[in-house]
Every structure is written in C-alpha cells, then in structure tokens.
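sequence below, structure please.
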Amino acid sequence: MLKLHYFDLYGRGEPIRMLLNYAKVDFEDCRYKFEEWPKLKAEGGFEFAQMPVLEVKTGETTKQYCQTLSILRYLGRKYSLYPADIEDAWTVDSTLDAIIDIINGLAKIHWEADEERKKKMAGELIGGAYPVFLKAMAARLDASNARGGRFILDDKVNAADILFACFIFNYIYNDLNPDSGAALKPAFEGYETLKKYSESLRAELGAYLESRPKSGR
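I've put the predicted structure just below:
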C-alpha cells in the first residue's frame, strides 16, 4: 500500500500523483491544510521535516521516501517510466533538474513579499533562465521528433515528461493561475515543437488532468 503525504495543492506533490495515476498505481492521497503542518512537523514523523513523503508498506514493514525528484526516479524505475540505458538516464535526469530549476525560481517569486523585489526577480527569470530552458527543451524534443518520437525520449512517456507536464499544466495552462500563464505562455508558444509536445502530453494525461482537484499552485 502506498500513501502520499503532501499539501492540498499541486506544488511538489503533483508530479508524484500524476506519475502514480499514469502508471495506474493505487495509492492513498493524504492532503493537508497549511494550518495542520506545524503540528505534523513538530511530531517529527517526516525525515527532513518536509513533504512530499511517499510511504510504502510491504507486509509489516513501512518505509518512507522523501525529496520530489528522488521519489520520481524511484517510482519511474519501479513502474517502467525511467530508462535503463545510462545515456538515456542522463537525459531524463538532466531534464528533471532543468525543470525543477525553473519551478524553484517561480516558487521564490511567488513567496517574495517585497513587490519591487518580486518584479525584479520575475523579469530576471522571464528574460534570462526561462528562454534558455525553453530553447534547450525544444532542441531535445526536436531530436526525439527526428527519431519518430513525441516525448523527451522517443515515443514513451518517462518521469521527465511527467514533471514537464506538471510545469506546463500547472503554470502555463492553468485557469486558476492566470498571472503565471500570462508571463510564461508567449515564449512557450513561440516554439511549435513545445506546443505539439503539450498536445501529446494532454492526449496521454487528459483523463487525469480533467479529474484531478484544481489548484492555483
């Protein structure tokens, strides 16, 4: 039995939810309100005192797994959504790291209290790291497309595609997050490759995207 512990929003827990749903794995989705977190944290039940945490019970043994990317890699390997080839694994790993860098940047902007500082940070991201990221991802997808593929590694969804899908559908195409979409969408849609990729992801993940609880972040 699997349990995922995270807040009642997308954030860092959503890629794990999406992967488990895509792999058709039953799990208990334990969602917490922010006001519940201080008590949970004080109880010391989660390593590093943070979430998400994936709890896996096998027989009488229960083990906890933490850190979003590590959980994605673990589940990817377990459910055939992570490559065995070392070169392909590098492609997936570096894509995961590149996506999380952008997501971390967006999170820092969101939580910045000073409005002037927030504007400056947003301008630096949208005018700097973000277009570099898009260009690199479009190039990787172009290479995959040239081999007849639709995703990061040819024609099979992997853990990196799942995280990229979360970035696309949580931040760019999310009616509850219009400010983020307005800032990120123009550059993204400047790449036909990325637009087609988002359509392929929606075709694969559409049922989950439609049924999941909605969140602005």
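
for the chain, which segments are assigned as strands?
2-7, 28-32, 53-58, 61-66 (DSSP state E).

end-to-end on stretch 26-46?
End-to-end distance for stretch 26-46, by CA to CA, to the nearest Å: 22 Å.

and if you look at stretch 82-89?
Termini of stretch 82-89 sit 7 Å apart (CA to CA).

and the contacts of that stretch?
The contact list for stretch 82-89 (CB atoms under 8 Å, 6 or more residues apart in numbering) reads R73, G76, T91, V92, L153, N158, A159. The C-beta positions use only the backbone N, C-alpha and C, and glycine is treated the same way.

how far away is the third one from E36?
T91 sits 38 Å away from E36, taking CB to CB, to the nearest Å as the criterion.

who has more neighbours out of these two?
T91 (18 against 12; other CB atoms under 10 Å).

pull the contacting residues for the more buried one.
So T91 contacts P83, R140, I152, L153, A160 (CB under 8 Å, 6+ apart).

tell me which of the strands of the chain sits most buried.
strand 2-7 (a mean of 18; mean count of other CB atoms under 10 Å).

state the mean pLDDT of that strand.
Confidence for strand 2-7, expressed as mean pLDDT, is 98.

give the pairing partners of it; include direction for each.
strand 28-32 (parallel), strand 53-58 (antiparallel) (DSSP bridges).

just to revisit the earlier point, which of the contacts of T91 has the most neighbours?
Neighbour max across the contacts of T91 (other CB under 10 Å) = A160, 28 neighbours.

run through the residues that contact that one.
Per CB under 8 Å, 6+ apart, neighbours of A160: T91, V92, T95, L96, I99, I152, L153.

tell me the one of those nearest A187?
Checking those against A187 by CB to CB gives I99 as the nearest, at 15.1 Å.

thought that closest one was touching A165?
No. With contact defined as CB atoms under 8 Å, I99 does not reach A165; the gap is 9.9 Å.

of these two, who's got more company?
Between I99 and A165, counted using other CB under 10 Å, A165 has the larger neighbour count: 27 against 22.

who touches that one in this structure?
M18, L201, L205.
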